[in-house]
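Q: Sequence and predicted model, in that order:
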Amino acid sequence: MNIHLILLIVYSVGLTAFGLWIARLVKGTGDFFVAGRNLSAPLIFSTILAANIGAGSTVGAAGLAYRDGIATWWWNGSAAIGSIFLAFFIGPKIWAIAKSHNLYTAGDYLELRFGRSVRGIISSLIWLGTLSILAGQLIAGAAVLSVVADMPRWAGVVISAVVMTIYFVAGGLLSSAWVNAVQLVVLLGGFMVALPMVLANVGGLDAVLSGPQVPAHFDDFFYSAGPGSGWTRLILLGPAFIISPGLLQKTYGAASERAVRVGIGVQALVLALFAFIPALLGMAAHASNPNITSPNLVLPTVLVDQLPVYVGALALAAIYSAEVSTCDAILFMLATSLSQDLYKRFLRPDASDRQVLRVARGAAIAGGIGGVILALQLATVIQALDTFYALLTVSLLVPVLGGLYSKRAGAPEALAAIASGVVTLLVIRFFLAGRYGWLDPTLMGLVAAAVAFAVTMAVRNPESKIKNQKSKIERHA
């Protein structure tokens, strides 16, 4: 009898049933998109943390730790640092704007601040880029099922997609927030039980940090092998967790500014502490089995090999919780971006509440199918996630911050930042990165976006002053 597989099946059915039960409370798009703006600080904490601890934070981070050691803390640690800025500098300001203007999506804010052209471009980029992060979660779910039941990758991807799509399509953010609270208990409980037992079985912390088979850099917290390794993850991931559309839209659902600050702030602290767990588990896998060939299999393998069957089953359920909880946050971005930002704004401005809700659910289903297709093409979790985070950072960070903190910025500044950031990212990633190993595409894209934003503002300002002066002269004439 396969205890691991039985527990995962029971757990998945339970999550789906609970999500469908909560979904009966959804009466319209306000409930689906922003949970009626009634999420308390504990629910904001749980739904943001559950979204942030996904495939990359667990399976992907453990796979990196198998190679890089304790410096892999920076994967989740960077997200925690970004969350601090979201909690205290971005979240409260954008929540107040969203409530005042009844905004549902990040696209709503971009149009309010910069106009419909910026909204359309960003929404399209988000929809395409988000499929890659969804694929990363599905790859992780398939890896768990592969280790547990020797299931082929395609079957694991499909099963994972079905579970998260059903409960999200039914209830949107309202279902997700409550299901995430349950997932978080399993997730944190499973890892907290698993870590000390795995460390004990491989010979303790000393064996993990400096054993005979351990690379010399494993205990170096600031080690980096180049872009995308160690502390350089802060460049890629920190900004993405400040302005992720999915996280911003969850923030919209808060009941108050205090709920934003407390919920996301405490979440950042817990995420920073959690960051050590997958890093140490990946290092323990290297100490006990230095011959694992696929980064995707590092974490599931060490949990199955080094834990008693029931504890291993709980830990695998924790990984599966991480994957599914992040999947619903991604579907949230896909559904809202297509239905609210593209369909209602550009195709059917007169669409009814019911029509928008129907399109949102259809978009979530389409996103699930697209994620399955992409997951079967990409090799690793990290490969899938890096694509999304880089595109998100260079296209969205500068316009969002510029819109919040500069009254003079308009559509030209935002469009210049988006174009410069994306073009620079693509040129460096595909044409220059191979020649210059330390040339980070995301950092250079972000710098290009900021420079383009500032230069455009500087060029436009004198023209604005001249126009104002002319209008004053004409009024006095």
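A: Structure received. Residues are numbered from 1 along each chain as shown.

Q: Going by C-alpha atoms from here, please, whenever you check contacts or count neighbours.
A: Fine.

Q: Can I get the host helix or strand of Thr47 as CSV, trimmed to CA atoms?
A: Assigned by DSSP states H and E, Thr47 belongs to helix 41-52. Coordinates of each C-alpha in helix 41-52 appear next as CSV, following Å, rounded to 0.1, in the frame of the first residue of the first chain:
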residue,chain,number,x,y,z
ALA,A,41,-4.6,40.6,8.8
PRO,A,42,-4.4,36.8,9.6
LEU,A,43,-6.0,36.0,6.2
ILE,A,44,-3.8,38.5,4.4
PHE,A,45,-0.8,36.8,6.1
SER,A,46,-1.8,33.3,5.2
THR,A,47,-2.8,34.0,1.6
ILE,A,48,0.3,36.1,0.8
LEU,A,49,2.7,33.6,2.5
ALA,A,50,1.0,30.6,0.8
ALA,A,51,1.4,32.4,-2.5
ASN,A,52,5.1,33.2,-1.8
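
Q: So Ala390 is in contact with Leu236, correct?
A: Yes. Ala390 is in contact with Leu236 according to CA atoms under 8 Å; the separation is 6.2 Å.

Q: what pLDDT does the most centrally placed residue in the chain get?
A: Nearest to the geometric centre of the chain sits Asn52, at 5.7 Å (CA atoms, centre = their mean). Reported pLDDT at Asn52 in the predicted model: 86.

Q: how close does it get to Trp75?
A: Noted for Asn52: a distance of 11 Å to Trp75, by CA to CA, to the nearest Å.

Q: The helix holding Thr47: how far from the chain's middle?
A: Put simply, helix 41-52 sits 12 Å off its chain's centre (CA atoms, centre = their mean, to the nearest Å).

Q: longest helix of the chain?
A: Ranked by residue count and defined by DSSP state H, the top helix of the chain is helix 153-201.

Q: Averaged pLDDT, it. What do you get?
A: Helix 153-201 shows an average pLDDT of 79 in the prediction.

Q: Report the inter-axis angle for that helix versus helix 41-52.
A: 110 degrees (axes from the mean of the first three to the mean of the last three CA atoms, to 10 degrees).

Q: now for helix 153-201, which elements pack on it?
A: Judged by 3 or more CA pairs under 8 Å, 6 or more residues apart in numbering; DSSP states H and E, helix 153-201 is in contact with helix 3-23, helix 29-34, helix 41-52, helix 116-149, helix 276-288, helix 298-306, helix 309-336, helix 353-375.

Q: Just the buried positions in the second one, please.
A: Same thing as helix 29-34. Neighbour-count burial for helix 29-34 flags Thr29, Gly30, Asp31, Phe32, Phe33, Val34 (criterion: 16 or more other CA atoms under 10 Å).

Q: And for the last one?
A: Neighbour-count burial for helix 353-375, with 16+ other CA under 10 Å as criterion, is recorded at 356-357, 359-375.

Q: Pull the residues that contact the host helix or strand of Ala62.
A: Using DSSP H and E, Ala62 falls within helix 61-68. The contact list for helix 61-68, computed with CA atoms under 8 Å, 6 or more residues apart in numbering, reads 71-72, 75-76, 217-218, 223-225, 229-230, 278-283, 285-286, 294-299.

Q: what is the orientation angle of that helix with helix 276-288?
A: Helix 61-68 and helix 276-288 are oriented at 50 degrees to each other (the same axes, to 10 degrees).

Q: which secondary structure elements does the helix or strand following helix 61-68 contact?
A: As assigned by DSSP H and E, the chain's next helix or strand after helix 61-68 is helix 73-85. Packing partners of helix 73-85 (3+ CA pairs under 8 Å, 6+ apart): helix 233-243, helix 257-274.

Q: Pro42: which of these is closest?
A: Each of those has some distance to Pro42 by CA to CA; the shortest is helix 257-274, at 5.9 Å.

Q: re earlier: shared neighbours of Ala390 and Leu236, anything?
A: Joint contacts of Ala390 and Leu236 (CA under 8 Å, 6+ apart) are Thr442.

Q: any idea how far Val34 is from the residue lying closest to Glu257 once chain neighbours are set aside?
A: Of all residues not flanking Glu257 in the chain, Pro92 sits nearest, at 5.2 Å (CA to CA, 6 or more residues apart in numbering). According to CA to CA, Pro92 stands 15 Å off from Val34.

Q: now Leu280
A: Computed as CA to CA, the Leu280 to Val34 distance reads 36 Å.

Q: for Asp150, same thing?
A: From Asp150 to Val34 the distance is 39 Å (CA to CA).

Q: For the residue nearest to Ile243 when sequence neighbours are not counted, give me the pLDDT.
A: With sequence-adjacent residues excluded and distances taken as CA to CA, 6+ apart, Ile243 is closest to Leu397, at 6.0 Å. Note for Leu397: predicted pLDDT of 91.

Q: Quickly list the domain ranges of this structure.
A: Following automatic domain parsing, one gets these domains for the chain: 3-383, 406-477.

Q: Can you tell me which of the ones you listed is packed in deepest?
A: Most buried of these, by mean neighbour count (mean count of other CA atoms under 10 Å): domain 3-383, with a mean of 22.

Q: what's the distance between that one and the middle of its chain?
A: The chain centroid and the centroid of domain 3-383 are separated by 5 Å under CA atoms, centre = their mean.

Q: what about the stretch 251-400 of the chain, any weak spots by pLDDT?
A: Low-confidence segments of the stretch 251-400 of the chain (pLDDT under 70): 321-322, 324-326, 328-329, 378-388.

Q: what do you get if the cut-off is 90, keeping everything else the same?
A: Along the stretch 251-400 of the chain, the model assigns pLDDT under 90 to residues 287-393, 396.

Q: Among the helices and strands packed on helix 153-201, which comes closest to Tyr252?
A: Nearest to Tyr252, of all the helices and strands packed on helix 153-201, is helix 29-34, at 6.0 Å by CA to CA.

Q: which outside residues touch the closest one?
A: Contacts for helix 29-34 (CA under 8 Å, 6+ apart): 25-26, 36-37, 104-105, 171-174, 249-250, 252-253, 332, 336, 353-354, 356-357.

Q: Which residues are in contact with the closest residue in space to Ser224 that isn't next to it in sequence?
A: Excluding the flanking residues, the one nearest Ser224 by CA to CA, 6+ apart is Gly230, at 4.5 Å. By CA under 8 Å, 6+ apart, the contact set of Gly230 is Asp68, Ala71, Thr72, Trp73, Trp74, Trp75, Phe221, Phe222, Tyr223, Ser224.

Q: So which of those is the closest to Ala416?
A: Comparing the contacts of Gly230 against Ala416 with CA to CA picks out Trp75 as the nearest, at 29.7 Å.

Q: Surely that closest one and Leu237 touch.
A: Yes. Using CA under 8 Å, Trp75 makes contact with Leu237 at a distance of 7.3 Å.
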